[in-house]
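[1] Sequence first, then the predicted structure:
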There are 2 protein chains.
Amino acid sequence: MRTTGNAPSPTAGLDSDQAAELAETFHLLGDANRLRLVLACLDEPVSVQALADGLGLSPSLASHHLRLLRAARLMRAERRGRQVFYRAADEHVRRMLADMIEHVQEDAL
Amino acid sequence: MRTTGNAPSPTAGLDSDQAAELAETFHLLGDANRLRLVLACLDEPVSVQALADGLGLSPSLASHHLRLLRAARLMRAERRGRQVFYRAADEHVRRMLADMIEHVQEDAL
DNA sequence: CAAACATATAAATAATTGTTCAAATATTCG
DNA sequence: CGAATATTTGAACAATTATTTATATGTTTG
């Protein structure tokens, strides 16, 4: 990648840090398995095994992805006994995804 | 505009085709250069050279990315003389991104 | 404490993808 | 037509990343 002399972003009201953050969010949700993981616990906390089971992923793979999502503060984890339940981090994330889903569904008209 | 707080599970209304389409959209916007390309012509058509110049990319690289964005119908191209102008495909895409930008900026509070 | 269960982590591999470089396709103009 | 400009394309290369496999950590239960 060429990084020589980036001009100040001519992009509407968005500095480069925010652009990078937005790209990172998109990137995380751009993997089908990760997207399905987030969508699967949009409404209620779900255990790792239930997520892995439901999506047909190995527990290890599910855990890997969940770690990335949690690191980006898109999801939260809560331990209950020996299980760990994941859920969408907050109302903000839920709304963001709900909006995007709306858009996709509008597109299908 | 729909209620933001207590909508029924948005996941329920998403079939696997739409989930895949959504993931693909996220994936395309998950690359910083592509995201900046779209953001740069959100308001008005911009030529490839102006885009490449403004973002510090080689024309070739810009073209490669623009092709992907156009193939996904996120951008449209229009030739004017020997230049080609790209812009966000439609109001739908613009609104989608405007919403996400809003979210990112809210997050920064 | 040991066994069984659930999740997490590390290292290795496999697959994907971003980037560069060289060449090809338009388009305008002398 | 041939030179010059703008964009596109394909192949090679570099970098990133998803996935597997094996092992470790933490938790309940006998």
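    Good, I have the coordinates.

[2] Geometric centre of chain A: which residue is closest?
    The residue lying closest to the centre of chain A (C-alpha atoms, centre = their mean) is residue A:29, at 4.6 Å.

[3] what's near enough to touch that residue?
    By C-beta atoms under 8 Å, 6 or more residues apart in numbering or on different chains, residue A:29 lies in contact with A:35, A:38, A:74, A:97, B:23, B:26, B:30. All C-beta spots, glycine's among them, are computed from the backbone N, C-alpha and C.

[4] all strands of chain A, in order?
    Counting by DSSP state E, chain A has strands at residues A:46-47, A:75-80, A:83-88.

[5] Just put those strands in TSV and tack on mean neighbour count.
    Shown next, in TSV, are those (neighbours: other C-beta atoms under 10 Å in any protein chain shown):
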stretch	mean neighbour count
strand A:46-47	18
strand A:75-80	14
strand A:83-88	19
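
[6] Just put those in CSV and tack on distance to chain B.
    Below are the strands of chain A laid out as CSV (distance: least, C-beta to the nearest C-beta, whole Å):
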stretch, distance to chain B
strand A:46-47, 11
strand A:75-80, 14
strand A:83-88, 10
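
[7] so residue A:100 touches residue B:22, yeah?
    Yes. Counting by C-beta atoms under 8 Å, residue A:100 does reach residue B:22; the two are 6.2 Å apart.

[8] more neighbours, these two?
    The neighbour count for residue A:100 versus residue B:22, taken as other C-beta atoms under 10 Å in any protein chain shown, is higher for residue B:22 (23 against 19).

[9] ok, the more buried one - contacts?
    Taking C-beta under 8 Å, 6+ apart as the test, what residue B:22 contacts is A:35, A:100, A:101, A:104, B:14.

[10] what about the residue nearest to the centre of chain A, distance to residue A:73?
    Distance, residue A:29 to residue A:73, by C-beta to C-beta, to the nearest Å: 13 Å.

[11] same thing with residue A:99?
    Counting by C-beta to C-beta - residue A:99 and residue A:73 are separated by 18 Å.

[12] next one: residue A:26
    From residue A:26 over to residue A:73 (counting by C-beta to C-beta), the distance is 15 Å.

[13] give me every residue that touches residue A:90.
    Residue A:90 makes contact with residue A:76, according to C-beta under 8 Å, 6+ apart.

[14] let me fix that: residue A:79
    Counted by C-beta under 8 Å, 6+ apart, residue A:79 has contacts residue A:85.

[15] cool, residue A:77 as well?
    So residue A:77 contacts A:66, A:70, A:84, A:85, A:86 (C-beta under 8 Å, 6+ apart).

[16] pretty sure the second one is touching residue A:76, no?
    Just to be clear, that refers to residue A:70. Yes. Residue A:70 lies in contact with residue A:76 (C-beta under 8 Å); the separation is 6.9 Å.

[17] Spit out the residues that contact these two alike.
    Common neighbours of residue A:70 and residue A:76 (C-beta under 8 Å, 6+ apart) are residue A:86.

[18] tell me the pLDDT at residue A:20?
    With respect to pLDDT, residue A:20 has a value of 88.

[19] how much space between the closest residue to it other than its chain neighbours and residue A:24?
    The spatial neighbour of residue A:20 that comes closest, neighbours along the chain excluded (C-beta to C-beta, 6 or more residues apart in numbering or on different chains), is residue B:32 at 6.2 Å. Distance, residue B:32 to residue A:24, by C-beta to C-beta: 8 Å.
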